[in-house]
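Participant: Sequence and predicted structure are below.
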Amino acid sequence: MHSSPLLADLNAAQLEAVAAPPGHYLILAGAGSGKTRVLTHRLAWLVAEQGLWPHSILAVTFTNKAAAQMRSRVESLLEQPSQGLWIGTFHGLANRLLRLHHDEAGLPREFQVLDADDQQRLVRRTIREANLDDKRFEPRFGTWLINAWKDDGLRPDQIDAGRDPHGQHWIDIYRAYQQACQRGGLVDFGELLLRSYELLAEHPALLAHYQRRFAHLLVDEFQDTNKIQYQWLKRLAGDSGQLFAVGDDDQSIYSWRGAQVANMQHFREDFAEVKIIRLEQNYRSTEIILQAANHLIAHNGDRLGKDLWTEHKGGEPIQLYAAYNENDEARYVIGRIEQWRSHGERLDQSAILYRSNALSRVLEQALVEAKIPYRIYGGLRFFERAEIKDTLAWLRLLNNPDDDPAFERALAQPPRGVGEKSLEKLRAMARERGVSLMRVAADPALRANLTGKPRSGLTEFVAIIDELREGVSERVLAEQVEAVLEHSGLRAAVAALEPREAEARGENLNELIAMANSYRVPEEDEAMGELAAFLTQASLDAGDSQAAKHADAVQLMTLHSAKGLEFPLVFIVGMEEGLFPNQRAMEEGPQQLEEERRLAYVGMTRAEKQLVLSYAESRRWRGGAAYNAPSRFIRELPGRCVSEVRPKVQLTRPSAFGAASSSKPLNTSPVKLGGNVRHPRFGEGVIVQAYGQGDHARVQVNFDDHGMKELVLAFSKLEFL
Ligand code: ATP
Ligand code: MG
């Protein structure tokens, strides 16, 4: 009956969804069950089989990449270019509407879209112009607040500050910021949605036009739509548009950004006769991976509930690696990737996922050392992150006062009221005299050329640098980094951010301290001094550009960024209490914990063939060493699906420590897995493996500075700490 090739390779439930008669549909299904595939096929089917004009369809996906993929899939299914098709992200489509109707929307034809940085700068300026203190009214927090209001569809007049004067100030800032945007023809991301939503509300003729035009609205990842996005869809659909939404409540991971799973319920209430179709066959993962993921997510309450099965019976067990520390974890992951590659597999078929961005640093370093190309998907490499660059600028300036680019960056972060005009004056004076900016700034007579806030800001800046420089010689590297964070105000500026961001960026700063802590000057740089050598290392690491866009490279990303993607080999690292689930979720309570669990479910279900989970028994974290218990999510997996990688070594007492006696209990031996040792040449390290007896007793030690070494106990002169 269905002769179309579009309908080949679909199971019965998928077929029902793809070729469904007119109406509203909610495709509710678990990970890897073909939701995105169904959406794409439905689109192609509507055009090819139902003869619909491509321009009568609107399809929304979560990322630009997903949109591009969908477009190309549709084109290949239709074997023609998909002109006139509106496929995009919510922001992309809203932008398109506003471009077409900028007059009605009250915008100039050439309105500019503000990126996050520009937006923040404008918020900062607004705060200053209102004569408010930008320490109490933190621009980054303000930006977040304004975006949250816009995501909720709120304009300044619709917000009630209650009796909080602080709140009233923020509302005024929002209003002034919006006026500045309007004067400059500027539109931020949140504004794109809100403005296009208002455009439709205020122009009934236009609304009627689009409601007639878009007979079909298709939405992927529906569980993560926020309030304004849902309202936007609802308005565009009107009475005649048919909404086809696919989603999975178990994969809702953006509630912190305003996403509302409740939109699934709203959809069923707000639209007449929404038919629900469930897809239950998973095509992505092996049975073992799927069973484990199903078992895990069953620990959440309040689910819509669904069952997933697969024809890919069996599969390799999920591997669980208990690392001694973060370096051991990275080493293991790299070893597995090398093994993968040596079997002729492609690197880009593997992905390393982590809960927190800061975890990428150790992995990046290990990958660089192993010369394995990698890409960070949907994020920045460690050394490209703003807070890291800011801190390094301060350190560079301490190390070399004549480093002008470092001077400019450090002076700007955190800001001290020295604007572009004053900076230009400084540059001119420096040019005239042929000296660096710092030398100009340090000269009170020259500083006198500035007045008011810029002058006092610059004076303060110079004083801080002087103070930091004085203490430098007594401090070890990590303390220098800490001192810079403290005295520069960088730490405080990060802490004042919106809580999620404060946490993520704070973790990156701590990671930099941890890096400084474990840094040892390599022999060839010994003449240089510790700080200089460290900075050299950092800039070398930063300079190693990531693999080119289409090059074969390991994919690194946060669990959030992995949504919708799939890879044959997946690692999830840092599976520890306090990291994943993260500390805040553990403190905030059951709802946050459930969102973390959904995130774990998303992560696990990215894996097609092999899934490797790891945790570290000790980890340099938040500046110190943390000994976290393994994540509860590991315990929540069915034991039959998991195999622990670390062999449980039967240790016998080696003869080097007395009479060989295999029956002696292990703990009388100084050889303890995880125990610390010192070696006259290799320095300190951790015992990772031990085997053999008597003269043959050997240990494998992971040395902090020299990596993994295998030593014969009898000759190794190891000192047990
Ligand atoms: P997620 O919840 O992670 O977004 P999804 O439900 O959108 O997953 P898809 O990405 O559409 O799932 O599909 C998962 C994988 O299964 C894809 O590789 C897809 O091509 C494949 N697949 C889906 N349906 C079928 C089918 N009927 N026959 C063969 N392969 C299929
Ligand atoms: Mg999908």
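Facilitator: Structure received. What you are looking at is a predicted structure, and each value in this text was computed from that prediction instead of being measured. Ligands and ions are numbered 1, 2, ... in the order given.
Participant: how deep is residue 202 tucked in, by neighbour count?
Facilitator: For residue 202, the neighbour count with other CB atoms under 10 Å is 12. Placement of C-beta: from N, CA and C, glycine included.
Participant: now it, nearest residue through space, not along the chain?
Facilitator: residue 104 (7.8 Å; CB to CB, 6 or more residues apart in numbering).
Participant: Spell out the secondary structure type for the one you found.
Facilitator: Here residue 104 is coil, with the state taken from DSSP: H, G, I helix; E, B strand; the rest coil.
Participant: and it, how far is that from ligand 1?
Facilitator: Residue 104 sits 36 Å away from ligand 1, going by CB to the nearest ligand atom, to the nearest Å.
Participant: who's in contact with that residue?
Facilitator: Contacts for residue 104 (CB atoms under 8 Å, 6 or more residues apart in numbering) come out as 199, 202, 203, 206.
Participant: For the second one, give its distance to residue 106.
Facilitator: Residue 202 sits 9 Å away from residue 106 when distances are taken as CB to CB, to the nearest Å.
Participant: one step back: just the local confidence number for the residue nearest to residue 202, please.
Facilitator: Looking at residue 104, its pLDDT stands at 95.
Participant: Kindly reformat the contacts of residue 104 as CSV containing secondary structure and pLDDT.
Facilitator: Shown next, in CSV, are the contacts of residue 104 (DSSP: H, G, I helix; E, B strand; the rest coil; pLDDT from 0 to 100):
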residue, secondary structure, pLDDT
199, helix, 96
202, helix, 95
203, coil, 96
206, helix, 95
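Participant: what helix or strand is residue 253 on?
Facilitator: Residue 253 belongs to no helix or strand when assigned by DSSP states H and E.
Participant: Skipping its backbone neighbours, what lies nearest it in space?
Facilitator: That would be residue 599: by CB to CB, 6+ apart, it lies 5.1 Å from residue 253.
Participant: quick one: contacts of the one helix or strand that neighbour maps to?
Facilitator: Using DSSP H and E, residue 599 sits within helix 590-604. For helix 590-604, contacts defined as CB under 8 Å, 6+ apart pick out 31, 250-253, 255-256, 289, 292-293, 296-297, 299-302, 318, 353, 355, 559-560, 562-563, 570, 572, 580-582, 584-586, 611, 631, 633, 636.
Participant: Just the ones of those residues in helices?
Facilitator: Among these, the members falling in helices (DSSP state H) are 289, 292, 293, 296, 297, 584, 585, 586, 633.
Participant: rewinding a little: intersection of neighbour lists for residue 202 and residue 106?
Facilitator: In contact with both residue 202 and residue 106: no residue, using CB under 8 Å, 6+ apart.
Participant: Report the secondary structure element holding the nearest residue to residue 401 once chain neighbours are set aside.
Facilitator: Distances taken as CB to CB, 6+ apart put residue 438 closest to residue 401, at 4.2 Å, once the chain neighbours are dropped. Element membership of residue 438, judged by DSSP H and E, is helix 437-442.
Participant: chain center to that helix: distance?
Facilitator: Distance of helix 437-442 from its chain centroid, counting by CA atoms, centre = their mean, to the nearest Å, is 38 Å.
Participant: pLDDT of it, averaged?
Facilitator: Rounded mean pLDDT across helix 437-442 is 92.
Participant: got the end-to-end distance for stretch 129-141?
Facilitator: 17 Å (CA to CA, to the nearest Å).
Participant: Name the residues that touch that stretch?
Facilitator: So stretch 129-141 is in contact with 120-121, 123-124, 127-128, 169-170, 172-173, 176, 415, 493, 496-498, 501, going by CB under 8 Å, 6+ apart.
Participant: What residues of it count as buried?
Facilitator: Neighbour-count burial for stretch 129-141, counted by 16 or more other CB atoms under 10 Å, picks out 132, 134, 137, 138, 139, 140, 141.
Participant: The third one in helix, strand or coil?
Facilitator: Spelled out, that is residue 137. Looking at residue 137 with three-state DSSP, the answer is coil.
Participant: For the stretch 1-150 of the chain, give me the ranges with low pLDDT.
Facilitator: Scanning the stretch 1-150 of the chain for pLDDT under 70 picks out the ranges 1-3.
Participant: again, only using 50
Facilitator: 1 (pLDDT under 50).
Participant: where does it come near ligand 2, residue by residue?
Facilitator: 35, 36 (CB under 5 Å from the ion).
Participant: What about the residue in the stretch 1-150 of the chain that ligand 2 sits nearest to, how many residues nearby?
Facilitator: Taking CB to the ion, ligand 2 has its nearest neighbour within the stretch 1-150 of the chain at residue 36, 3.3 Å off. Using other CB under 10 Å, residue 36 has 20 other residues around it.
Participant: so who does it touch?
Facilitator: Contacts of residue 36 by CB under 8 Å, 6+ apart are 61, 66, 70, 220, 246, 564.
Participant: run the last query once more with 7 Å
Facilitator: Residue 36 is in contact with 220, 564, counting by CB atoms under 7 Å, 6 or more residues apart in numbering.
Participant: May I ask you to confirm that residue 289 is in contact with residue 611?
Facilitator: Yes: the criterion here is CB atoms under 7 Å, and residue 289 meets it with residue 611 at 5.2 Å.
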